[in-house]
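>>> Can you look at this prediction? I've put the sequence above it.
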Amino acid sequence: MTAAAVALDDAALAAAADDLEAAPPEAILRWAAARFAPRLGFATGLGVEGCVLIDLIGRHRLPVDVFTLDTSVLFDETYALWERLEARYDLTIRAVRPALTLDAQAVAHGPALWQRDPDACCAIRKVAPLAAEAARLDAWVSAIRRDQTPDRADARVVERDPRFGIVKLNPLARWTSRDVWRHVLTHDVPYNPLHDQGYPSIGCAPCTGPVAEGEDPRAGRWRGQAKTECGLHARPAVAPVAIRPRGEGEAS
Ligand code: SF4
């Protein structure tokens, strides 16, 4: 960790969260950039909230390492949006891929693991790659909103990530879906066309379907299963993922 990150103990983070609670998202991002860049990342799933943060990072030229967990089973529309966002904001959205290709995963765990054990699939294709990225960072940005799931209801705008141990910024924590779409329309932000086809929440193609009028916006994620989170934002019931010290097995 850098000196700036070490200096921010949990009491300091709580105080910062209080100070920034009513601040606009760009102010929270600027605060984070001033303290944590270049060890500040933004893990985006390229949902509409992520597009809003990319718009802010891109237009204000903030020094944030933007990356996507490319599970290799994203929608074609998502891959196309990825290219549109890079072109529109002249930035790179870095691909972070799992250790196992889809073929290697099928050999090791059987085909279509997402149908039989989606938690294991998410652990391989999302959580482990994010943990490896977190080991390189002092802070990461997420695009979650408090009103999305019960797990997210207590998110602070600045907090210690209980899973990875680094600082987590949630600049859109207090925003509503209406706030997000107002920003998109005001600033003509590119977004996934699937959002206009009944997909309010978009993840991997095998695990995402459309929702009916009046359904929970995340009802199309892992439909028919108890699972509601991929494991990136849930408060862990088990011990946090161990983060190796910088320089020890760190990705180059
Ligand atoms: S969302 Fe589905 S396909 Fe994607 S990593 Fe999780 S279980 Fe696998």
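That came through fine. The model shown is predicted, which means the values in this text are computed figures rather than measured ones. Numbering: from 1, shown residues only.

>>> hmm, whichever helix in the chain runs longest in reach of the ligand?
Across the chain, the helix with the greatest residue count (assigned by DSSP state H) is helix 76-89. No: figure legend: helix 76-89 not in contact with the ligand (CB under 6 Å from any ligand atom); closest approach 11.6 Å. Quick note: C-beta positions are derived from backbone N, CA and C, even for glycine.

>>> which helices and strands does that helix pack with?
Counting contacts by 3 or more CB pairs under 8 Å, 6 or more residues apart in numbering; DSSP states H and E, helix 76-89 is packed against helix 48-59.

>>> in its sheet, what does the helix or strand following the helix it packs on sit against?
Per DSSP states H and E, helix 48-59 leads on to strand 65-69 as the next helix or strand towards the C-terminus. When pairs are called by DSSP bridges, strand 65-69 turns out to pair with strand 40-43 (parallel), strand 94-96 (parallel).

>>> What mean pLDDT does the longest one get?
Right, strand 40-43. Averaged across strand 40-43, the pLDDT comes to 96.

>>> That one close to the ligand?
No: judged by CB under 6 Å from any ligand atom, strand 40-43 and the ligand are separated, with a smallest distance of 13.7 Å.

>>> Name the surrounding residues that touch that strand.
By CB atoms under 8 Å, 6 or more residues apart in numbering, the surrounding residues in contact with strand 40-43 are 32-33, 50, 53-54, 57, 63-69, 96, 130, 133, 136-142, 232.

>>> Distance from the chain centre to it, please.
Averaging C-alpha positions (CA atoms, centre = their mean, to the nearest Å) puts strand 40-43 8 Å from its chain's average.

>>> what's the answer for the last one, then?
Centroid separation between strand 94-96 and its chain, computed with CA atoms, centre = their mean, is 12 Å.

>>> List the buried residues for it?
When burial is assessed from 16 or more other CB atoms under 10 Å, strand 94-96 yields the following buried residues: residue 96.

>>> just stretch 169-187 next, same as before
Under the neighbour-count criterion of 16+ other CB under 10 Å, stretch 169-187 has 169-175, 180, 183-184 buried.

>>> any chance of the residues you listed in CSV, plus secondary structure and distance to residue 43?
Formatted as CSV, the buried residues of stretch 169-187 follow (DSSP: H, G, I helix; E, B strand; the rest coil; distance: CB to CB, whole Å):
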residue, secondary structure, distance to residue 43
169, strand, 11
170, coil, 12
171, coil, 13
172, coil, 14
173, coil, 15
174, coil, 20
175, coil, 18
180, helix, 18
183, helix, 20
184, helix, 20
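
>>> picking up where we left off before, could you dump the strands paired with strand 65-69 to a markdown table with distance to residue 207?
Putting these into a markdown table (distance: least, CB to CB, whole Å) gives the following:
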| stretch | distance to residue 207 |
| --- | --- |
| strand 40-43 | 18 |
| strand 94-96 | 18 |
